[in-house]
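Undergrad: Provided below for reference: sequence and predicted model.
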Amino acid sequence: MKLLDCPVIGKRPISEFDYMGEIRIPPVDADEKTWSEYVFNRKGAPCSLREAWYHRPTGRWYVVVRNTVTDEIEAHVDISEVQYELPA
Amino acid sequence: MKSVQLTPITDWQAWILTGPDSTSAFAGIEIPTEVMTAVFSDGNLIAKTGRDEFLAFIKDTAAQPQSSWCFRRHDRILHIQGHAWTELMLCLCQFDFHQMQPGEWQMLAVAGINCWLWKDPHPDQGILIGFDPGYAEYLEHIFHDVINEIELRSVNLGGAL
């Protein structure tokens, strides 16, 4: 069984989580080329990636920095740091 | 006496409260301040599950919480006690219940079902577990099967030792 070592709630089975992908801020005011890049392309290179994980039993989102090479969780990111305004 | 007893708790009304006025919804009832902690007082159990979110289990006879976003829940709640309750839970969940502290609140999956758990601060009182009542028959069936296995195991070992 694979465990995710969440800095907030501790080690939990990966089966309790849904992976929601890299945290990406949409380029709200950008041109079509930038939007196309945002929608269709991902970097995918090994790195420390900010990711959103949804923990079903608590019903909470956790944003963590995960090293995609070692699979280690390096830090917890407060959700307020990744919030962004939607255009009116 | 069985090694683990399951007792349904039915004299609580369950609520989920959220929004900025959730903290002020509890008239005279003590509430926790830290997220993922719970307070048990005057027979009511309140858990803080988010920045402004609470799960509340209030005695039928007490004043119920009032706020803009205060919704009824209908959790199935069981009191699990007996000397082998830890063994039962360890068979069904990854969490290390030996490390669970009195009064600790947890939300995790037990036999694949999302549950909340609260450890009674009184020694030998076991834990409370709450979950979606739609899974009650499934989960209680599993509990009883595992309890029977634990008891069979202890009977067989008793003769050998």
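TA: Yep, that arrived.
Undergrad: can you pull the contacts of the spatially closest residue to B:F95 that is not a sequence neighbour?
TA: The shortest distance from B:F95 to any non-neighbouring residue, by CB to CB, 6 or more residues apart in numbering or on different chains, is to B:L108 (5.3 Å). Heads up, the C-betas are built off the backbone N, CA and C, glycines and all. Residues near B:L108 by CB atoms under 8 Å, 6 or more residues apart in numbering or on different chains: A:12, A:16, A:57, B:93-95, B:114-115, B:117.
Undergrad: Would you write a PyMOL line that selects the buried entries of these?
TA: The PyMOL selection below is limited to those of the contacts of B:L108 classed as buried (16 or more other CB atoms under 10 Å in any protein chain shown):
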select buried, (chain A and resi 12+16+57) or (chain B and resi 93+95+114+115+117)
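Undergrad: Partner strands of the host helix or strand of the residue nearest to B:F95 and their direction?
TA: For B:L108, the enclosing helix or strand under DSSP states H and E is strand B:105-110. When sheet partners are counted by DSSP bridges, strand B:105-110 sits next to strand B:113-119 (antiparallel).
Undergrad: Please compute how far the partner strand lies from its chain's middle.
TA: 5 Å (CA atoms, centre = their mean, to the nearest Å).
Undergrad: just stretch A:24-39 next, same as before
TA: Using CA atoms, centre = their mean, the offset of stretch A:24-39 from its chain centre is 18 Å.
Undergrad: same question, stretch A:58-68
TA: From the chain centre to the centre of stretch A:58-68 is a distance of 6 Å (CA atoms, centre = their mean).
Undergrad: A:R60 bridge partners, please.
TA: For A:R60, the beta-bridge partners under DSSP bridges are A:H55.
Undergrad: quick one: contacts for it?
TA: Contacts of A:R60 by CB under 8 Å, 6+ apart are A:54, B:49-50.
Undergrad: For ChimeraX, what selects the buried ones among these?
TA: Filtering the contacts of A:R60 down to the buried ones (16+ other CB under 10 Å) takes a single ChimeraX command:
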select /B:49
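Undergrad: ok, the contacts of A:R60 vs B:D11, which is closest?
TA: Distances from B:D11 to the contacts of A:R60, taken as CB to CB, are shortest for B:T49 (22.1 Å).
Undergrad: residues making contact with the helix or strand hosting that closest one?
TA: Per DSSP H and E, B:T49 falls inside strand B:44-50. Contacts to strand B:44-50, defined as CB under 8 Å, 6+ apart, come from residues A:58-60, B:12, B:18, B:26, B:29-39, B:54-59, B:62, B:105, B:107, B:116, B:118, B:128.
Undergrad: Now for residue 85: which residues touch it?
TA: Assuming you mean chain A. Residues near A:E85 by CB under 8 Å, 6+ apart: none.
Undergrad: hmm, I had chain B in mind actually
TA: Applying CB under 8 Å, 6+ apart, the residues near B:W85 are B:4, B:126-127.
Undergrad: the helices in chain B, which residues?
TA: B:85-92, B:136-160 (DSSP state H).
Undergrad: looking at it, B:A25 is touching B:A63, isn't it?
TA: No: B:A25 is beyond contact range of B:A63, at 10.5 Å (criterion: CB atoms under 8 Å).
Undergrad: residue contacts, the residue most central in space within chain A?
TA: In chain A, the residue lying closest to the centroid (CA atoms, centre = their mean) is A:E51, at 1.6 Å. A:E51 makes contact with A:19-23, A:63-66, according to CB under 8 Å, 6+ apart.
Undergrad: try 10 Å
TA: When contacts are counted by CB atoms under 10 Å, 6 or more residues apart in numbering or on different chains, A:E51 touches A:19-23, A:62-66, A:68, A:73, A:77.
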